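Chemist: Here you go, sequence then predicted model.
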Amino acid sequence: MQLNLTKNIIWVCALCVMISYIVPGRVGLGSGVEEWDYVEVREGAHLFYWLLYTTANVTSFTERPLVVWLQGEPGVASTGSGIFEQLGPTNIEGRARQSSWVQHVNVLFVEEHGRYARNNRQIALDLVQLMEQFLKKYPAFRTVPLHIFSESYGGKMAPEFALELHLAKKRGRLDCQLKSVAVGNPWTSPLDSVLSYAPFLLQAGIVDDDGYRRISRLAGELAGLVYAEMWLRALMKASEVQEEISSSAGGVFIYNTQRRVHVDEVYRYGEDPKMSHFMRSNVTRALGLAKMPVWMEQNSTVFERLGQDIFKPSNHKVNRNLLLEETPIQVGLCSGILDLFCATPGTVSWIRRLKWTRRSEYAKAPRTAFRIEGMLEGYEKHGGRLSMMMQANLGKNL
């Protein structure tokens with residue numbers, strides 16, 4: 001037993017030595033090699049990045065793409081939820097995850113700190129500033145395919161970031177190989193999402209006709225506020241809609257309507273009660289950030305600063321003269337059909353209204369089923385550089 005333990009330690013040390021020759025990074029938290037730092041993007045405004053080099057069996061990390069991950073929900077931390085609940089090699093308990101994105105690609109997680117942005121355009125410009133400095137510091141990534149991935153509220157941030165990054169490259173400000181932008185369960189056109197709630201719940205048998213009418217009435221009132229561009233009042237009305245859904249549907253889990261939820265369970269997206277303790281006790285220490293501001297799983301200040309922007313539609317950012325028209329960037333959308341909050345019917349609705357030169361290619365493309373090991377996993381549709389995937393049996397946190 002002691003001999004086997006000694007052999008394992010020697011093997012791990014040897015592996016770390018080999019990695020150090022291949023990847024010029026540091027040992028952070030996990031089995032791979034990482035880099036992290038703060039970058040000032042405006043006076044008093046900083047973005048923290050955490051780069052996880054791929055652990056794929058390749059000669060060089062440059063053989064695999066770089067993915068920039070933007071977390072959904074304003075104020076939810078990508079360095080918490082994104083890494084430890086969704087994509088990273090380590091889970092919230094510090095154990096190795098069986099499957100992670102880092103096994104296949106390099107992943108860059110980004111966090112905001114200091115003078116928070118007040119709108120999506122500022123977020124996009126800050127991210128471009130980050131990438132300009134990042135690519136100067138890590139020039140090997142200039143020739144690596146770059147993909148922007150996000151979810152939920154990222155459906156508003158990611159397209160605008162992709163567009164600004166593309167324009168910055170055209171102006172010669174930086175050099176990168178931006179190939180695609182993809183969003184899971186996109187909050188791109190918030191009103192379309194909210195207007196789909198009542199029909200979604202009724203057709204699924206989750207509410208009855210009375211519940212349908214009450215939710216529809218509140219959604220209609222919210223629509224009036226959106227058309228009048230009363231953004232903060234629309235945001236407050238959205239809370240009333242969610243309260244009515246909870247009442248009419250008996251507390252259904254809005255991020256996955258088929259998930260069984262105990263009556264005493266309290267959960268909001270990205271707010272696992274164990275997360276904060278894990279981050280403060282383990283992550284900040286491992287990264288040498290103990291003296292930095294206290295880590296928060298949900299930063300309410302970020303949410304408040306973006307209050308005027310949350311219900312503004314962003315579907316025009318992937319529309320005519322923008323991503324689908326004037327750039328070579330591939331646009332991908334992915335939706336878990338059990339998610340109510342960013343409901344698939346709402347996403348399909350705003351996609352149907354998009355107008356660009358090659359829209360007929362998408363409209364005429366067949367929707368086909370896809371399977372993994374023979375099991376139906378969902379449906380996909382591709383055309384005109386736009387792709388849509390609908391994943392069965394999944395809600396948020398794809």
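Modeler: Perfect, I can see it now. Numbering: from 1, shown residues only.

Chemist: Helices of this structure, start to end?
Modeler: 2-22, 120-137, 154-170, 190-195, 197-203, 209-227, 231-248, 273-278, 284-286, 300-305, 323-326, 344-353, 359-364 (DSSP state H).

Chemist: average pLDDT across the shortest one?
Modeler: Meaning helix 284-286. Mean per-residue pLDDT for helix 284-286: 72.

Chemist: Give me the buried stretch members for it, please.
Modeler: T284 (16 or more other Cβ atoms under 10 Å). All C-beta atoms are positioned from the backbone trio N, CA, C, and that covers glycine.

Chemist: what's the neighbour count on the nearest residue to W356 once chain neighbours are set aside?
Modeler: Excluding the flanking residues, the one nearest W356 by Cβ to Cβ, 6 or more residues apart in numbering is L324, at 4.2 Å. Number of residues near L324 (other Cβ atoms under 10 Å) recorded here: 24.

Chemist: OK, contacts around L324?
Modeler: 318, 331, 354, 356, 358, 384-386 (Cβ atoms under 8 Å, 6 or more residues apart in numbering).

Chemist: and it, what pLDDT?
Modeler: Confidence score, pLDDT, at L324: 89.

Chemist: Over to Q2?
Modeler: Reported pLDDT for Q2: 37.

Chemist: and if you look at T347?
Modeler: 94.

Chemist: Do I have it right that it meets S193?
Modeler: Yes: in this structure, T347 is within contact of S193 by Cβ atoms under 8 Å, at 7.5 Å.

Chemist: Can you work out which residues contact both of these two?
Modeler: Common neighbours of T347 and S193 (Cβ under 8 Å, 6+ apart) do not exist.

Chemist: neighbours around S180, how many?
Modeler: Counted with other Cβ under 10 Å, S180 comes out at 19.

Chemist: Please disregard the earlier target; I meant E373.
Modeler: 5.

Chemist: cool, and the one 3 residues further on?
Modeler: Around L376 there are 11 other residues, counting by other Cβ under 10 Å.

Chemist: Next: V348.
Modeler: V348 has 16 nearby residues by other Cβ under 10 Å.

Chemist: cool, E265 as well?
Modeler: Neighbour tally, E265, other Cβ under 10 Å: 10.

Chemist: cool, and L87?
Modeler: 21.

Chemist: Likewise for S276?
Modeler: Counted with other Cβ under 10 Å, S276 comes out at 17.

Chemist: So it versus V283, what's the distance?
Modeler: To V283, S276 is 11 Å away according to Cβ to Cβ, to the nearest Å.

Chemist: Repeat that for G383.
Modeler: 42 Å.

Chemist: Please apply the same query to P190.
Modeler: P190 sits 32 Å away from V283, going by Cβ to Cβ.

Chemist: Please apply the same query to Y362.
Modeler: 42 Å.

Chemist: Quick check: the gap between the residue nearest to W356 and P159.
Modeler: Remark: distance between L324 and P159 (Cβ to Cβ) = 10 Å.

Chemist: Please apply the same query to I372.
Modeler: 28 Å.

Chemist: Counting neighbours, go ahead and name the busier of these two.
Modeler: A side-by-side neighbour count of I372 and P159, using other Cβ under 10 Å, places P159 first with 29 against 8.

Chemist: surely the more buried one meets T327?
Modeler: No: using Cβ under 8 Å, P159 makes no contact with T327, being 10.5 Å away.

Chemist: Excluding chain neighbours, what is closest to S360?
Modeler: Once flanking residues are discounted, S360 sits nearest to G384: 7.6 Å by Cβ to Cβ, 6+ apart.

Chemist: got the contact list for the closest residue to I245 other than its chain neighbours?
Modeler: Spatial nearest neighbour of I245, excluding adjacent residues (Cβ to Cβ, 6+ apart): I215 at 6.1 Å. With contact set as Cβ under 8 Å, 6+ apart, I215 has these partners: 197-198, 201, 207, 241, 244-245, 248.

Chemist: most neighbours, which of the residues you listed?
Modeler: Y197 (26 neighbours).

Chemist: okay, that residue: pLDDT?
Modeler: Model confidence at Y197 (pLDDT) stands at 98.
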